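>>> build the 3D model from these lines:
(2 chains)
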Amino acid sequence: MSFILELITSFVRKMLELLTFGGKTLTNTLKIYVKTNTGRTLTVNLEPQWDIKNVKELVAPQLGLQPDEVKIIFAGKELSDATTIMQCDLGQQSTLHAIRMRPPTIQREKLLSMSLEEEEPTGTPTEEASKPLNETLLDLQLENDERLNITDEYRVRAKAHFFVHCGQCDKLCNGKLRVRCSLCKGGAFTVHRDPECWDDVLKPRRIPGHCESLEIACVDNAAGDPPYAEFYFKCAEHVSGGEKDFAAPLNLIKNNIKDVPCLACTDVSETVLVFPCAAQHVTCIDCFRQYCRSRLGDRQFMPHPDFGYTLPCPAGCEHSFIEEIHHFKLLTREEYDRYQRFATEEATPPPPCGTLGSVVCSALPQS
Amino acid sequence: MSSLPRRIIKETQRLMQEPVPGINAIPDENNARYFHVIVTGPNDSPFEGGVFKLELFLPEDYPMSAPKVRFITKIYHPNIDRLGRICLDVLKDKWSPALQIRTILLSIQALLSAPNPDDPLANDVAELWKVNEAEAIRNAREWTQKYAVED
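Residues are numbered from 1 along each chain as shown, chains lettered A, B, ... in the order given. Here you go, the predicted structure:
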């Protein structure tokens, strides 16, 4: 009797496995747009396990090119052939950029092998194909010495992770960092170095790069200096609504990679808000909400000349005001409305759009 | 009535399991946010030998705002007034949610060891403390014997 039962369960389990496996392969296919610098946009379906070489082989014939004449640019990086789709944090309907190499690889290799070896490196920053930014970027909360002495085990945990307030999902969402040219706003842009701190990402004119979005490379000034990168964020939790689907970065919200307990409830949460004070006080998201609610109830938010109607660290530390007021969007809609009403009543002019990227403010629905 | 936050449960447990020497805080049977507190007068202070009763209340938005603490036992101290209200920075503008019931009670105990007449709450007491410290200390001892020592 039990033998038959076992047989049936194992059969059912096998069927289930087959079903779930089948489901996975179906749903994981990504519909991706590939933009070229000639104004064309192709739509391709990519499997997560494919690598960039596969993408080039798929895209090149449609562009009338050989696969090795194409380079793929994504989020500020030229992707290496061995990078898999899975490694890039691409979502449905994300956009890759396919650019024709200048000069084609074969010729360049020939040239290099003929020329003297010492001529090869040095000089202008090289734009070597690499892993995507989301794979290489370390958490922006780490100090410089922490970056240098990081262990391999820790590296996985310390990978950069971004949170945004998404206007469409109307909640705290995982975010994706994207890069474009500050001049032409094109996405076929490669950075000369990775950002290392939040200022690199949030403040303009920090990291230069190379723009290939247009036939003629963008230049920053008459002297021909390279243009600067413009970083922006997208929500990772809804299907991309195109290149103008921005989300507000919540730069104080971080993965709790150092397992710091919440200052208020003393629990160790996975996602926390780290205040910009020297002591880096930490609260969990729930306690942050409670803090805002409590201060809002007592009308104890403060008008800050640069940031607007805001709060300092609950421990009252110096220089700890929250600069990016989109953090208060973590309150309920009702509470946020009250926050805005109080802010207006306190006669604080709204914070100037552009302090943390004009990209975000202009694109967010006004609520 | 909302349920008791985990932080308060944790703090209460720790207060019971690892009590601070000279301090005893027990939550009220009917209200877990209200604590019956007993602080013994520190050695080498005019309050030595005294047993002081206090009440401590955790407001709704604790730990975002400070606990409310008051002496019930009468005490002769420049920073504690006739009603038992305490002038202590950590109970007011220096409060931080990183502080706890435990740390607050320790601060109060320390205040008994080190009265600060320059930041007074009980003006008459503070005045005497500054003008004639010996007499003030004598008064404090007397009050301790009179109000804080059980026969």
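>>> spatially central residue for chain A, please.
In chain A, the residue lying closest to the centroid (C-alpha atoms, centre = their mean) is residue A:177, at 1.5 Å.
>>> got the buried residues for the helix or strand of chain B with the lowest mean pLDDT?
Least confident helix or strand of chain B, by mean pLDDT, DSSP states H and E, is helix B:123-131 with a mean of 90. Neighbour-count burial for helix B:123-131 flags B:125-126, B:128-129 (criterion: 16 or more other C-beta atoms under 10 Å in any protein chain shown). Where C-beta positions appear, they are placed from N, C-alpha and C, glycine not excepted.
>>> same question for stretch A:81-89.
Using 16+ other C-beta under 10 Å as the test for burial, stretch A:81-89 gives A:83-85, A:87-89.
>>> report the entries of those residues that also contact chain B.
Applying C-beta under 8 Å from any C-beta of the partner chain, the subset of the buried residues of stretch A:81-89 adjacent to chain B is empty.
>>> poorly predicted segments of chain A, please.
For chain A, residues meeting the criterion pLDDT under 70 lie at A:1-2, A:15-27, A:102-127, A:141, A:347-367.
>>> residues from it in reach of chain B?
Counting by C-beta under 8 Å from any C-beta, the residues of chain A lying close to chain B are A:263-267, A:281, A:283, A:287, A:290-291, A:293-295, A:297, A:314-316.
>>> helix, strand, or coil at the residue nearest to the spatial centre of chain B?
Residue closest to the average C-alpha location in chain B (C-alpha atoms, centre = their mean): residue B:108, at 4.3 Å. Under DSSP: H, G, I helix; E, B strand; the rest coil, residue B:108 falls in the helix class.
>>> hmm, it is touching residue B:89, no?
No: counting by C-beta atoms under 8 Å, residue B:108 stays clear of residue B:89, with 11.9 Å between them.
>>> helices of chain A, start to end?
With DSSP state H applied, chain A shows helices at A:2-27, A:52-63, A:105-114, A:133-136, A:144-148, A:152-157, A:198-202, A:285-297, A:333-345, A:358-363, listed in chain order.
>>> would you mark the buried spots in the fourth one?
Spelled out, it's helix A:133-136. For helix A:133-136, a neighbour-count test (16+ other C-beta under 10 Å) marks A:133-134 as buried.
>>> just checking, what packs against that helix?
With contacts defined as 3 or more C-beta pairs under 8 Å, 6 or more residues apart in numbering or on different chains; DSSP states H and E, helix A:133-136 has these neighbours: strand A:171-181.
>>> test my guess that residue A:206 contacts residue A:198.
No: between residue A:206 and residue A:198 there is no contact under C-beta under 8 Å: 10.3 Å.
>>> follow-up on the earlier one: and of the buried residues of stretch A:81-89, the nearest to chain B?
residue A:89 (34.0 Å; C-beta to the nearest C-beta).
>>> chain B against chain A: which residues are in contact?
B:5-7, B:10, B:61, B:63-65, B:93-98.
>>> of those residues, which is the most crowded?
Neighbour counts for these, by other C-beta atoms under 10 Å in any protein chain shown, peak at residue B:63, which reaches 29 neighbours.
>>> how about residues contacting stretch A:291-303?
Stretch A:291-303 has contacts (C-beta atoms under 8 Å, 6 or more residues apart in numbering or on different chains) with A:264, A:283, A:309-312, A:314, A:321, A:328, A:330-331, A:335, A:338-339, A:342-343, A:346-348, B:61, B:64-65, B:97.
>>> go again with 6 Å.
Residues outside stretch A:291-303 that contact it (C-beta atoms under 6 Å, 6 or more residues apart in numbering or on different chains): A:309, A:311, A:314, A:331, A:339, A:346, A:348, B:61, B:64.
>>> identify the farthest-apart pair in the residues you listed.
Greatest spacing in the contacts of stretch A:291-303, by C-beta to C-beta: A:348 and B:61 (24.0 Å).
>>> from residue B:31, how far out is residue B:54?
To residue B:31, residue B:54 is 16 Å away according to C-beta to C-beta, to the nearest Å.
>>> between these two, which one's more packed in?
Using other C-beta under 10 Å, the more surrounded residue of residue B:54 and residue B:31 is residue B:54, with 21 against 11.
>>> regarding that one, what is its secondary structure?
Assignment for residue B:54 (three-state DSSP): strand.
>>> that one contacts residue B:35, correct?
No: using C-beta atoms under 6 Å as the test, residue B:54 is too far from residue B:35 to be in contact (8.4 Å).
>>> show me what contacts residue B:69?
Counting by C-beta under 6 Å, 6+ apart, residue B:69 touches B:54, B:56, B:86.
>>> for the last one, give the beta-bridge partners.
Beta-bridge pairing of residue B:86, defined through DSSP bridges, involves residue B:80.
>>> that one and chain A, how far apart?
Distance, residue B:86 to chain A, by C-beta to the nearest C-beta, to the nearest Å: 19 Å.
>>> related to what we said a few turns ago, out of the helices of chain A, which is the most enclosed?
helix A:285-297 (a mean of 19; mean count of other C-beta atoms under 10 Å in any protein chain shown).
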